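Peer 1: heads up, no residue letters with this:
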């Protein structure tokens, strides 16, 4: 297959500035379902240049990540320990004219004809194909910039551990991150046609969001420096349950 970067040349994904910038403030509720039917709900809290991902960790607890495009930072919150960790946020490597990101050389990524309304928002469809299967992505330019799932390569858990990190390191997530597109539905199938991953929006609510949503709570311990000395990863025992259990893509 052609390289991802070649297929993106001339595409709106590579040139997001050709679209009028849309601003959105509010919440996008979503759910992810894996190949075994396990579903995890989560919420994106969005404001211009800011994104907070809250994942239902079960037993009444929530795991959260804050992404700040201006500071190029991602903050992982660990509520049970009242701790947090800040790491660099890398966006849109896949759509760079410098070439395709590591691991995506054998990927095709094309826009499909037609549009669809999802929860009242106009969406265009993209199709990503690899030797392992196909992913269909319905995106809108009416919800601002997608800052990713925060768990790709360089994230606190790395890009190859499965779960949320596996989903974030998928080519579709890399290609959309940092662009004026927001995915409202993503469906992956393996080479045999079996659905292995589904992420879809269940509600979109416009509302004002407080500044406090996008910063760590006062008094929490910052583990950033300590974790750098340990190689940058989070020990398994400290990993938020919601991050461990979130289903990933194929």
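Peer 2: Great, that's in hand. The model shown is predicted, which means the values in this text are computed figures rather than measured ones.

Peer 1: average pLDDT across stretch 134-153?
Peer 2: Stretch 134-153 shows an average pLDDT of 81 in the prediction.

Peer 1: you'd agree residue 189 is up against residue 130?
Peer 2: No: proximity of residue 189 to residue 130 does not meet the contact threshold set by Cβ atoms under 8 Å, at 11.2 Å. The C-beta positions use only the backbone N, C-alpha and C, and glycine is treated the same way.

Peer 1: partner residues bridging residue 41?
Peer 2: Listed by DSSP bridges, the beta-bridge partners for residue 41 are residue 31.

Peer 1: Please enumerate the helices of the protein.
Peer 2: Under the criterion DSSP state H, helices of the chain are mapped to 4-8, 163-168, 171-176, 224-228, 241-245.

Peer 1: what's the least confident stretch among those helices?
Peer 2: Between the helices of the chain, the lowest average pLDDT goes to helix 4-8, which shows a mean of 32.

Peer 1: so where's this protein uncertain?
Peer 2: Across the chain, residues meeting the criterion (pLDDT under 70) sit at 1-22, 91-105, 150-171, 227-250.

Peer 1: mind listing the strands in the chain by residue range?
Peer 2: Along the chain, the stretches classed as strands by DSSP state E are 26-34, 39-47, 50-58, 61-68, 73-78, 83-88, 108-118, 121-130, 133-140, 182-190, 195-206, 221-222.

Peer 1: Redo the ones you listed as a markdown table? Include distance to residue 149 and mean neighbour count.
Peer 2: Converted to a markdown table, the strands of the chain look like this (distance: least, Cβ to Cβ, whole Å; neighbours: other Cβ atoms under 10 Å):
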| stretch | distance to residue 149 | mean neighbour count |
| --- | --- | --- |
| strand 26-34 | 10 | 19 |
| strand 39-47 | 9 | 19 |
| strand 50-58 | 7 | 21 |
| strand 61-68 | 8 | 22 |
| strand 73-78 | 10 | 22 |
| strand 83-88 | 14 | 19 |
| strand 108-118 | 17 | 14 |
| strand 121-130 | 15 | 19 |
| strand 133-140 | 13 | 22 |
| strand 182-190 | 10 | 21 |
| strand 195-206 | 9 | 17 |
| strand 221-222 | 23 | 13 |
